[in-house]
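Undergrad: Pasting a predicted model and its sequence here:
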Amino acid sequence: MKYNMFFDICALCVSIIMLMTYYYKKTIVSYKTRVFEALIWLCCGAAAADVIAVMANAPSCPMMIKWISNMIYYSLHAATNFFGVMYFILMAEPMVKMSNLRKTQLIAPFAAEIALIAFNPILRLLFYFDENGSYQRGGGMFICYAITVYYFIYMIVFLIRHNDFFDRKMQIVITMFSVMYVLPMVLQYFFPSLLLECFAATLFILVIYILYQTDDNSIDNQTGLLSYQAFESDCKAYAATNMNFSVLMIKIRDAKFLTDAFGNQFCSKVYASFANYISQFVRYGNAYSLGGGIFALCFINENVDPKNVLESITERMKQPWGFEEIVTRLSVSVSIVSYPLHAADYQSFMELADTVFYRSDYKPDIIYADKMAVKDKRRRSDIERSIASDNVTDSLEIFYQPIYSNKEKRFTGVEALVRMRDRLMGYVMPDEFIPIAEKSGAMVRIGEYIFEHICKYISSHDTDVFGIKFFTVNLSVMQCMQTDLVAQVASIMQKYGISPSKICFEISEIAATDPPDVMINNIKQLHKLGVSFSLDNYGTGQSGLQQLTLLPLRMIKFDSSFIKRAMNDPRERTILQSSVNMSKSIRIEAVASGIENENMYSQMKEFGFDFCQGFYYAPVCSEDDLPGKLVELSGQQK
């Protein structure tokens with residue numbers, strides 16, 4: 001019999017193209033995609049094996065090659081049918097949820113077919129070779145086709161059983177293409193020379209790939225993991241099927257610091273590297289990137305104890321991470337939230353998960369949802385303990401970032417940034433320890449130390465030779481409310497011989513919102529001494545420009561989040577431009593913060609900012625490194 005290999009060759013070519021596209025796009029890693037990846041390989045292998053088997057049918061080909069090539073083809077084709085059904089099952093119901101009876105109904109036909117193929121050289125039920133070495137169908141060939149029809153019926157029953165999970169489009173696609181998958185096999189049964197089976201399977205897989213595997217909404221492009229949308233969808237599906245599952249959530253607490261110090265591109269590399277690390281646990285569950293340096297691993301409780309994975313991650317976080325020439329340690333918070341242990345329904349579960357990581361004041365190391373209050377209190381107690389200690393100032397570290405003047409085409413300012421590094425807790429970011437310090441009253445002492453430390457540093461380093469005209473220093477709300485603030489600042493500046501024009505205090509946008517009289521009076525008195533003021537974090541929604549006329553401001557620093565929104569939203573862009581123009585109209589200089597790359601630089605240049613700051617211009621550096629960095633930057637122009 002002369003076989004037509006055209007369809008097999010087409011199937012092989014299409015499968016290879018799908019594989020190339022699949023790996024080029026770095027498709028997300030999950031249970032479902034692993035099954036789909038196996039499905040493409042099986043289909044490709046089956047088409048290749050069928051071509052080889054047909055070519056091996058020549059009389060001169062050794063009999064061993066004929067047997068092996070045909071048995072490989074039959075095995076791969078049987079596996080393609082099985083994995084195709086399993087792919088759709090995983091879209092609605094994980095394997096672990098199925099009863100033993102239903103698992104047997106799914107696996108037994110495939111196992112039986114593999115057994116028939118394995119023993120076929122003895123039984124010769126499926127195929128054999130006659131005395132001339134020609135391939136012949138056996139009397140039991142109908143069994144393979146019957147198993148294919150069985151899986152087709154299994155799929156239809158499964159679709160009806162879970163019609164509430166599959167949307168209308170998916171139901172139509174599964175039904176229509178399942179029929180299209182079976183019909184060519186029926187044709188090949190009656191017309192064996194056509195070799196349509198692999199081609200039909202390939203077309204079926206191609207449709208799945210186009211419709212479901214290339215859904216960009218389910219992929220986080222930065223990390224290649226599943227997105228927050230996919231996380232919500234999967235949790236909803238698990239809850240709908242009464243699945244016992246747990247979510248291990250990991251938050252990189254250093255995200256903002258890494259962005260400020262090294263820029264967005266570096267931070268993206270950190271996220272991608274961390275995503276690659278946690279992908280190793282996908283064999284137990286699915287991995288997600290929820291945005292803002294927050295990741296999640298979702299586990300079916302019957303599969304694995306998430307606490308074992310937690311131990312592996314916490315051990316890894318004790319070791320340094322190397323990115324290009326930079327070696328650092330990542331500080332993370334980890335939580336475990338389980339369903340239905342901690343929440344009785346899907347909505348409650350998602351609210352609890354959001355509460356764990358999206359509360360700004362909640363950043364412990366390991367969180368169990370049923371012990372949230374205990375861990376929260378313990379974390380705050382540890383910070384309060386550290387702040388209340390006599391040597392709290394020893395744990396404070398000052399970093400600096402140069403500020404670029406667009407008018408003078410050089411660096412004319414430096415911002416001072418404070419970090420707290422506790423012996424037990426590691427780095428504690430300002431947005432965590434400052435609110436606690438203000439509430440306890442310790443911020444006055446801490447703020448005084450920081451200002452004196454910076455003044456001492458300025459007096460011992462001749463930054464004038466580099467053209468540095470001012471240093472910006474954060475002034476907390478608590479400090480602004482002290483009646484002796486003016487005398488304290490004047491005393492420290494006099495002690496170290498610092499000109500008031502060298503100091504620019506940054507006050508938060510919250511502090512500028514309806515400021516009390518004592519704060520306004522302090523700021524005006526300091527302004528009379530020659531100290532200037534800058535409004536920090538403008539654009540976070542706390543105040544309007546009309547309120548800023550109450551204070552003698554020299555600068556407004558536009559928040560990096562405002563800048564980023566303006567780059568992607570025409571309306572935000574218009575608002576930003578109007579705000580910059582309005583600030584200039586009332587003689588307040590505009591500062592763009594968080595400029596991380598060439599694209600941001602070129603766009604922000606059009607807005608007419610007076611100053612710019614960010615990794616693109618200069619990274620954050622330590623006190624020891626600042627003089628060398630200023631030497632390096634002194635001849636640069638942007």
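TA: That came through fine.

Undergrad: list the contacts for residue 210?
TA: Counting by C-beta atoms under 8 Å, 6 or more residues apart in numbering, residue 210 touches no other residue. For every residue, glycine as well, the C-beta is placed using N, CA and C.

Undergrad: Can you pull out the low-pLDDT segments for the stretch 51-200 of the chain?
TA: Within the stretch 51-200 of the chain, the stretches with pLDDT under 70 are 91-98, 164-167, 169-170, 173, 177, 181.

Undergrad: looking at this, residue 136 is in a helix?
TA: No. Under DSSP: H, G, I helix; E, B strand; the rest coil, residue 136 falls outside any helix and is assigned strand.

Undergrad: surely it meets residue 129?
TA: Yes. Between residue 136 and residue 129 there is a contact at 6.8 Å, judged by C-beta atoms under 8 Å.

Undergrad: Can you get me a residue count around residue 432?
TA: 20 (other C-beta atoms under 10 Å).

Undergrad: So it, which state does it fall into?
TA: Taken by three-state DSSP, the conformation at residue 432 corresponds to helix.

Undergrad: What separation do you get for it and residue 21?
TA: 44 Å (C-beta to C-beta, to the nearest Å).

Undergrad: can you check residue 502 too?
TA: 59 Å.

Undergrad: of these two, who's got more company?
TA: residue 502 (20 against 14).

Undergrad: more neighbours, residue 136 and residue 129?
TA: A count of neighbours by other C-beta under 10 Å puts residue 129 above the other of residue 136 and residue 129, at 15 against 12.

Undergrad: Across the sheet, point out what pairs with that one.
TA: Counting by DSSP bridges, residue 129 forms beta bridges with residue 135.

Undergrad: mind listing what it touches?
TA: Per C-beta under 8 Å, 6+ apart, neighbours of residue 129: 63, 66-67, 135-136.

Undergrad: same question, residue 272
TA: 222-224.

Undergrad: Quick one: which of these is the most crowded by neighbours?
TA: residue 223 leads these on contacts (other C-beta under 10 Å) with 24 neighbours.

Undergrad: Just the closest of the contacts of residue 272 to residue 410, please.
TA: residue 222 (34.1 Å; C-beta to C-beta).

Undergrad: Would you verify that that closest one is located in a strand?
TA: No. Assessed with three-state DSSP, residue 222 is coil; it does not lie in a strand.

Undergrad: Look up phi and psi at the closest residue to residue 501 other than its chain neighbours.
TA: Leaving out its chain neighbours, the residue that sits closest to residue 501 by C-beta to C-beta, 6 or more residues apart in numbering is residue 530, at 5.2 Å. Dihedral angles of residue 530 (phi, psi; degrees, to the nearest 10) stand at phi 110, psi 0.

Undergrad: May I see the contacts of residue 129 organised as JSON lines, with distance to residue 399 added?
TA: Output for the contacts of residue 129, formatted as JSON lines (distance: C-beta to C-beta, whole Å):
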{"residue": "63", "distance to residue 399": "76"}
{"residue": "66", "distance to residue 399": "73"}
{"residue": "67", "distance to residue 399": "71"}
{"residue": "135", "distance to residue 399": "75"}
{"residue": "136", "distance to residue 399": "80"}
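
Undergrad: Need the buried ones from these selected in ChimeraX.
TA: To isolate in ChimeraX the members of those that are buried, counting by 16 or more other C-beta atoms under 10 Å, one can use:
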select :66,67,135
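
Undergrad: Which is the succeeding secondary structure element to the longest helix anywhere in the chain?
TA: Identified as the longest helix of the chain according to DSSP state H is helix 63-92. Beyond helix 63-92 on the C-terminal side, the first helix or strand identified by DSSP states H and E is helix 100-118.

Undergrad: Give the other helices and strands that the helix or strand following that following helix contacts.
TA: Under the assignment DSSP H and E, the closest C-terminal helix or strand after helix 100-118 is helix 120-123. The contact analysis (3 or more C-beta pairs under 8 Å, 6 or more residues apart in numbering; DSSP states H and E) places helix 120-123 against helix 63-92.

Undergrad: circling back: for residue 46, state which of the contacts of residue 272 is nearest.
TA: The closest of the contacts of residue 272, once distances to residue 46 are taken by C-beta to C-beta, is residue 224, at 28.4 Å.

Undergrad: And for residue 500, the neighbour number?
TA: Counted with other C-beta under 10 Å, residue 500 comes out at 17.

Undergrad: for the closest residue to it other than its chain neighbours, what are its contacts?
TA: Nearest residue to residue 500, sequence neighbours excluded (C-beta to C-beta, 6+ apart): residue 530, at 3.2 Å. Contacts for residue 530 (C-beta under 8 Å, 6+ apart) come out as 499-501.

Undergrad: Tell me who's in contact with the closest residue to residue 604 other than its chain neighbours.
TA: Nearest residue to residue 604 in three dimensions, chain neighbours excluded: residue 592, at 4.8 Å (C-beta to C-beta, 6+ apart). By C-beta under 8 Å, 6+ apart, the contact list for residue 592 reads 558, 563, 604, 607, 609, 611-614.

Undergrad: Those in helices, which ones?
TA: Of the positions in the contacts of residue 592, 563, 604 sit in helices, assigned by DSSP H.

Undergrad: Show me which of the contacts of residue 592 are buried.
TA: 558, 563, 604, 607, 609, 611-614.

Undergrad: ok, of the residues you listed, which one's closest to residue 211?
TA: Ranked by distance to residue 211 (C-beta to C-beta), the buried ones among the contacts of residue 592 are led by residue 563 at 37.8 Å.
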